[in-house]
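Chemist: sequence unknown, structure follows:
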């Protein structure tokens, strides 16, 4: 029998307690499951290619096929519709109305907004192909490519990058049907993307082999208390600290942005973004989270910037008094914007040349036409009674074919009369020029025409337009907007030695027409 004093018994008990504690700690550390330390990804973001919220309203009343005016609901039942005015609809937005609310005969093209009449009514570019019922939905979807960027901070072997994007809709079907999800089920609609989606790309690089070029997609997964669309990109190898990018969607296939969010505790305010949390995770081969981060995307209404540009059309005529125009040295040095004074003609059977520069500008979508006509051949009132008794005829050209519609060369000084030609400076189109060598001007050096005579411009003149050529002719034109398009109009006069003496005059009218 061994006797142990009270003091020694206390020491032995203390040693035993310590031994048992360390033994238990050892068993726990060795046998218990390993705890994974979750760090944080950094420099993380999700950039939307289009941050505009989708539109989700409802039809107010029955609208028959062919209708171009549509009314929308201005109040909600529970949390729908999230949009109760037209503030978030813009002209030319594509709309889907009801189950068959297309606006083309093939039933493949969405309707398009023409005008916003007021906060509860809009008009369509084309009428409805099929009628819609009261309470049918009106959608104007906005889609976006998600460009994710993040940097890892932990080396992980044979792991996986997982992205959770909030899913809308009240079921797996409605969360991927291509219609915007809003109200109390707001989120990003998967828009029919397939399980392995060729429109999305996994990260590249990082010193590892990504097992798939495109992510594996799982729609409408409940994680915690929230539904998400899940995108997985697995890899083999050791992924060290590195910056990565990942793209979900492309120009031909992308997720649909949410419509406004409305819940029991939150109602979207127009002009204030709705926020959605996107989760990015780096996982090991057993789907344990190693690094993670939450980034926020905030869709918001776009801003319609509008202005009315008034139609404009300007026509400027300027006299030209020196130089060579239409390859002729000008003889008239006193021409102005409103006169071509050939003056006293002392030489007969001799060409006298004058010119004006004409400038046209317009913002008309389809451009302009510049036309010209005279109100009579050059004529003289010999008796001073207000009635012309004789005329200085328009030229007929060297071949005798020249009219207001037919060009002819005019190089022979024995061919008398009055006519004109054109030198183009920068106009989009002219019907002919002085240098034209085709049709009636083949072989000549100066191609000319007559001025058309439009008698309604001076109906009191009894001899006006005796030749009955009453169609003003186009001398310049453009098929689109024009900024300072210019031509020279070259006037040519050649008087016969037997022309009666007198003061001869006519009026030439220029008219510009914009095609708006």
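Modeler: Noted; the coordinates are in hand. Treat the numbers as computed from the prediction; the structure is a model and nothing was measured.

Chemist: ok, the residue nearest the centre of the chain - contacts?
Modeler: In the chain, the C-alpha nearest the mean C-alpha coordinate belongs to residue 92, at 10.0 Å (C-alpha atoms, centre = their mean). By C-beta atoms under 8 Å, 6 or more residues apart in numbering, residue 92 lies in contact with 112-113. To be clear about C-beta, it is placed using only N, CA and C from the backbone, and glycine gets the same treatment.

Chemist: redo that, cut-off 10 Å
Modeler: 112-114, 125 (C-beta atoms under 10 Å, 6 or more residues apart in numbering).

Chemist: just residue 132 next, same as before
Modeler: Shown in contact with residue 132 (C-beta under 10 Å, 6+ apart): 58-59, 61-65, 67, 70, 97-101, 111, 138.

Chemist: what ranges do the helices span in this structure?
Modeler: For the chain, the helices defined by DSSP state H cover 6-31.

Chemist: any low-confidence regions in it?
Modeler: Residues of the chain that meet the criterion pLDDT under 70 lie in 1-39, 100-101, 105-108, 455-470.

Chemist: In the stretch 1-150 of the chain, what residue spans correspond to strands?
Modeler: Shown for the stretch 1-150 of the chain, the strands assigned by DSSP state E, counting those that start in this stretch span residues 39-40, 42-48, 55-58, 69-71, 94-97, 111-118, 121-124, 137-140, 143-144, 146-151.

Chemist: about what we covered before: report the two of the contacts of residue 132 separated the most.
Modeler: 58 and 65 (19.0 Å; C-beta to C-beta).

Chemist: higher neighbour count, these two?
Modeler: Set side by side, residue 58 and residue 65 show more neighbours around residue 58, with 23 against 12, by other C-beta atoms under 10 Å.

Chemist: pretty sure the more buried one is in contact with residue 136, am I right?
Modeler: Yes - counting by C-beta atoms under 10 Å, residue 58 does reach residue 136; the two are 6.7 Å apart.

Chemist: Need the overlap of contacts for those two.
Modeler: 97-98.

Chemist: Could you double-check that residue 347 lies in contact with residue 496?
Modeler: No - taking contacts as C-beta under 10 Å, residue 347 lies outside contact range of residue 496: 11.5 Å.

Chemist: could you flag which of the contacts of residue 132 are buried?
Modeler: 58-59, 63, 67, 70, 97-98, 101, 111, 138 (16 or more other C-beta atoms under 10 Å).

Chemist: Closest one of the residues you listed to residue 389?
Modeler: Distance to residue 389 across the buried ones among the contacts of residue 132 (C-beta to C-beta) is lowest for residue 67, with 67.9 Å.

Chemist: thought that closest one was touching residue 128?
Modeler: Yes - counting by C-beta under 10 Å, residue 128 is a contact partner of residue 67 at 5.1 Å.

Chemist: contacting residues for residue 219?
Modeler: 167, 169, 172-173, 175-176, 189-190, 192-193, 195, 227-230.

Chemist: Quick check: it vs residue 185, distance?
Modeler: Applying C-beta to C-beta, to the nearest Å, the value for residue 219 to residue 185 is 14 Å.
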